[in-house]
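1. predicted model, plus sequence, below.
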Amino acid sequence: MYQRSTRISRMHKKIPAIKSLIIFYLPRQYSTQVRVRFAPSPTGKLHIGGLRTAFYNYLFAKKYNGKFLLRIEDTDQERLQTDSIENIISSLKWAGIEPDYGPHVSKLDDSAQGRPWLQSKRLHIYHEYIKILLDSGKAYHCFCDEARLSLLKRNAAMRQEKHSYDGKCRHLSAESVQKLIDQDQPYVIRFKLEDRDVFFSDLTTGRHKSNPYKQEGDFVLIKSDKFPTYHFANVVDDHLMGITHVLRGQEWQLSTAKHILLYEAFGWKHPVYAHLPLICNNDGSKISKRQNDIDVLTYRKNGFFPQSILAYLSTFGGGIKINVLEKFFDNYQKVVEKLVENFDENQMNSRSVKLNPELLNNINRRFIRLRLCSDKKERHEMANELRELVRDKFNIESDSFYLNESYLINVLNLCQDRIYTLKDLVHDEKNSFLWRDMSNIDHLISDSMRYNLKCLVKEIKQFLNQSNQDFENSSLNSKFKKELNDLFKKKLEPISQDGTKVNYWKLSRFLLTGRLEGPPVLEIINLLGKDNTIYRLNIAEKILNKI
């Protein structure tokens, strides 16, 4: 029924000695193909850790021209969130990690590939396979109620022993079992373990030895609601879907021995396992689905590019032959392609990693720079992205100067070293002057400022109107600065009416932005251009002339 994959055999000749012990077989119809899956539980939003798992499976599949499957493990009906599946699919789509098969992908060969993709639609399959284990004596019905199980747990704690099921129902006769079932007694179905060590090799963590019998005793396969446990459904589905490699979070490593025993009970060969390192918060605690700031679509909402998120994730656990921070990408549209090209499963490691928002910020800033120096199409797309942010935030009319593509790109060029995301240009209050005129500055003007501002606005307007200089050309700023300094010294009074020294650069900034502090005045004029600068000065002048 199974045959060895020559492609995979050659691949594993590269793995170091301790990892070269891995042997696996594939169902015949998949015998020449790497097949991996991402199998999230729809109990919350997809967070950055889940996306990392999906991405590494995607990289592995694409490197070996294999298949990447999305399977939804929705057997935990109590914790199921109805909108979670859509969130998972939307998150993967935004990140560009599209599965070859999944609940939202319709293909003619779906059935041959392992459909259905939701475990809740596969209950009949699990019931067929649990019957095989029951008939062979490798599983049994357990009628122990919650009260007895809780007592076992308390007694183990009092003895300072590890809690494990004591196997009371192991030895019930077939007649007793049937009688209890006929009486509608609730039951679960447990796997009958043997007291022995299980050995397996992991692509990232090496050789392991474990004894599930001593760790927890006979574990549950089918729950009282007739739904399978994660462990049982996981093994059955991975086998029937021809999964060759299981890349998943390190928290599942302790369960691997149980899964291997299930494979053996069915007479199946298990896949290769690779457990990816834990992702922790800065304080070392494990990340959780209940953290609202780390779900994938929140990163999108906060203005990060999908390529930035994937480049960031490539630093979580090794496996990438290049250091993306030292040798950054040269093509925004080919980020994933480059990561696939440089992916090496033999370089994955098991060291836990911490979320690093500063690193993500810097990566996103570098992508802003890359996109700006890319082709016209890339700059056009980024201008469109910024335009939507501005329109949504400030409710600006479509024909506004501030939504003009040349102005938007000019803003990006001059602000690229001061922002981490496009959203910073819109939601950071100090940048609001980019999208608003000066009609709201009246309440900010003190009596001592008014006289100096009136004189200043008159002189600057006259200077700009008489000048033929290209004010959008920042290379001329040194000349422009000298001319303005001369203007301030020759035409304006250095001391204000209250006896303090006047800083005309600050007052110039105030006339244009409504703020005394902020970007250099010449950069502001570079951004606005001559006509819009004069437009803003006219608004300020009207306000200053009010009685």
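-> Structure received. Values in this document were obtained by computation on a predicted structure and should not be read as measured data.
2. distance of K269 relative to G242?
-> Distance, K269 to G242, by CB to CB, to the nearest Å: 12 Å. From N, CA and C alone the C-beta is placed, and that goes for glycine too.
3. who has more neighbours, those two?
-> G242 (21 against 16; other CB atoms under 10 Å).
4. host element of the more buried one?
-> With secondary structure defined by DSSP states H and E, G242 is part of neither a helix nor a strand.
5. surely it touches R35?
-> Yes - using CB atoms under 8 Å, G242 makes contact with R35 at a distance of 5.0 Å.
6. now E251. Nearest residue, chain neighbours left out?
-> Excluding the flanking residues, the one nearest E251 by CB to CB, 6 or more residues apart in numbering is L278, at 6.9 Å.
7. what's the pLDDT at the one you found?
-> We have a pLDDT of 91 for L278.
8. now L123
-> L123 carries a pLDDT value of 95.
9. what do you get for the one 3 residues further on?
-> pLDDT for Y126: 97.
10. what's the answer for K327, then?
-> Confidence at K327, expressed as pLDDT, is 83.
11. what values do phi and psi take at it?
-> Phi and psi for K327, reported as degrees, to the nearest 10, are phi -120, psi 80.
12. what's around it, how many residues?
-> 10.
13. kindly report the same for A147.
-> 7.
14. how distant is the helix or strand hosting it from the center of its chain?
-> Using DSSP H and E, A147 sits in helix 146-158. Centroid separation between helix 146-158 and its chain, computed with CA atoms, centre = their mean, to the nearest Å, is 40 Å.
15. which stretches of the stretch 251-400 of the chain form strands?
-> Along the stretch 251-400 of the chain, counting by DSSP state E, counting those that start in this stretch, strands occupy 272-276, 279-280, 318-320, 343-348, 353-354.
16. out of these, which gets nearest to D238?
-> When the strands of the stretch 251-400 of the chain are compared for distance to D238 using CB to CB, the nearest one is strand 272-276, at 10.6 Å.
17. list the helices and strands that closest one packs on?
-> Secondary-structure packing of strand 272-276 (3 or more CB pairs under 8 Å, 6 or more residues apart in numbering; DSSP states H and E): helix 48-63, strand 198-202, strand 245-249, strand 343-348.
18. grab the CA positions of it and hand them over as CSV.
-> The C-alpha coordinates for strand 272-276 follow below in CSV (Å, rounded to 0.1, in the frame of the first residue of the first chain):
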residue,chain,number,x,y,z
VAL,A,272,8.7,13.7,9.4
TYR,A,273,8.3,16.2,12.3
ALA,A,274,9.8,19.6,12.7
HIS,A,275,8.8,21.6,15.8
LEU,A,276,9.2,25.3,15.4
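19. tell me which residues are up against it.
-> 12, 22, 24, 52-53, 56, 200-205, 244-250, 252-253, 256, 316-317, 345, 348, 350 (CB atoms under 8 Å, 6 or more residues apart in numbering).
20. which strands and helices lie in contact with the helix or strand in which E523 is found?
-> In this structure, E523 sits in helix 521-544 according to DSSP H and E. Packing partners of helix 521-544 (3+ CB pairs under 8 Å, 6+ apart): helix 405-415, helix 447-466, helix 477-491, helix 504-513.
21. quick one: contacts of that helix?
-> Residues from elsewhere that reach helix 521-544 (CB under 8 Å, 6+ apart): 401, 407, 410-411, 414, 433-434, 437-439, 441-442, 445, 450, 453-454, 457-458, 460-461, 464-465, 471-474, 477, 480-481, 484, 505, 508-509, 511-513, 518.
22. at 7 Å what do you get?
-> Contact partners of helix 521-544, identified using CB atoms under 7 Å, 6 or more residues apart in numbering, comprise 401, 410-411, 414, 434, 437-439, 441-442, 450, 453-454, 457, 460-461, 464, 471-472, 474, 477, 480-481, 505, 508-509, 511-513.
23. and for H239, the neighbour number?
-> By other CB under 10 Å, the residues close to H239 number 19.
24. wasn't it part of a strand?
-> No - the assignment for H239 (DSSP: H, G, I helix; E, B strand; the rest coil) gives helix, which keeps it out of a strand.
25. you'd agree it is up against W268?
-> Yes - judged on CB atoms under 7 Å, H239 makes contact with W268 at a distance of 5.1 Å.
26. average pLDDT across the helix holding E523?
-> For helix 521-544, the mean pLDDT works out to 88.
27. just the strands of the stretch 251-400 of the chain: most buried one?
-> Compared across the strands of the stretch 251-400 of the chain, strand 272-276 shows the largest average neighbour count, a mean of 25 (mean count of other CB atoms under 10 Å).
28. what's the angle between that one and helix 48-63?
-> Orientation note: strand 272-276 sits at an angle of 140 degrees relative to helix 48-63 (axes from the mean of the first three to the mean of the last three CA atoms, to 10 degrees).
29. list of residues touching stretch 382-390?
-> With CB under 7 Å, 6+ apart as the criterion, stretch 382-390 contacts 371, 396, 402-403, 405, 408-409, 412, 422-423, 425-426, 435.
30. can you lay out the strands of the stretch 251-400 of the chain as JSON lines showing distance to E385?
-> Below are the strands of the stretch 251-400 of the chain laid out as JSON lines (distance: least, CB to CB, whole Å):
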{"stretch": "strand 272-276", "distance to E385": "31"}
{"stretch": "strand 279-280", "distance to E385": "28"}
{"stretch": "strand 318-320", "distance to E385": "27"}
{"stretch": "strand 343-348", "distance to E385": "28"}
{"stretch": "strand 353-354", "distance to E385": "29"}
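31. so which of the ones you listed is nearest I260?
-> Ranking the strands of the stretch 251-400 of the chain by proximity to I260 (CB to CB) places strand 272-276 first, at 8.8 Å.
32. okay, and the helix or strand of the protein with the least pLDDT?
-> Counting by mean pLDDT, DSSP states H and E, the weakest-scoring helix or strand in the chain turns out to be strand 2-3, with a mean of 32.
33. pLDDT below threshold where in the stretch 301-450 of the chain?
-> Applying pLDDT under 70 to the stretch 301-450 of the chain flags the ranges 440-443.
34. off-centre distance for the helix or strand in which I181 is found?
-> In this assignment (DSSP H and E), I181 forms part of helix 174-182. On the basis of CA atoms, centre = their mean, helix 174-182 sits 50 Å off its chain's mean C-alpha point.
35. where does the residue nearest to R365 when sequence neighbours are not counted fall, phi/psi-wise?
-> Excluding its sequence neighbours, the residue lying closest to R365 (CB to CB, 6+ apart) is Y420, at 5.1 Å. In terms of degrees, to the nearest 10, the main-chain angles of Y420 are phi -110, psi -30.
36. spit out the contact partners of Y420.
-> Applying CB under 7 Å, 6+ apart to Y420 gives the contacts N361, N364, R365.
37. what does stretch 95-109 rub up against?
-> Outside stretch 95-109, the residues that touch it by CB under 7 Å, 6+ apart are 51, 54-55, 58, 67-70, 72, 85, 89, 92, 110, 113, 117-118, 296, 306, 309-310, 336.
38. try it again at 8 Å.
-> By CB under 8 Å, 6+ apart, the surrounding residues in contact with stretch 95-109 are 38, 51, 54-55, 58, 61, 67-72, 85, 89, 92, 110, 113-118, 296, 306-307, 309-310, 336.
39. so what would you say the end-to-end distance of it is?
-> With CA to CA, to the nearest Å applied, stretch 95-109 spans 25 Å between its terminal residues.
40. and that stretch, what's its mean pLDDT?
-> The average pLDDT within stretch 95-109 is 87.
41. picking up where we left off before, just the C-alpha atoms of the helix holding A147, please, in PDB.
-> Extracted in PDB, the C-alpha atoms of helix 146-158 (Å, rounded to 0.1, in the frame of the first residue of the first chain):
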ATOM      1  CA  GLU A 146     -16.000  13.700  35.800                       C
ATOM      2  CA  ALA A 147     -16.300  13.200  39.600                       C
ATOM      3  CA  ARG A 148     -14.100  10.100  39.500                       C
ATOM      4  CA  LEU A 149     -11.500  11.600  37.100                       C
ATOM      5  CA  SER A 150     -11.300  14.700  39.400                       C
ATOM      6  CA  LEU A 151     -10.700  12.400  42.400                       C
ATOM      7  CA  LEU A 152      -7.900  10.700  40.600                       C
ATOM      8  CA  LYS A 153      -6.300  14.000  39.800                       C
ATOM      9  CA  ARG A 154      -6.600  15.200  43.500                       C
ATOM     10  CA  ASN A 155      -5.100  12.000  44.800                       C
ATOM     11  CA  ALA A 156      -2.200  12.200  42.400                       C
ATOM     12  CA  ALA A 157      -1.600  15.800  43.600                       C
ATOM     13  CA  MET A 158      -1.600  14.800  47.200                       C
END
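42. no further questions, thank you.
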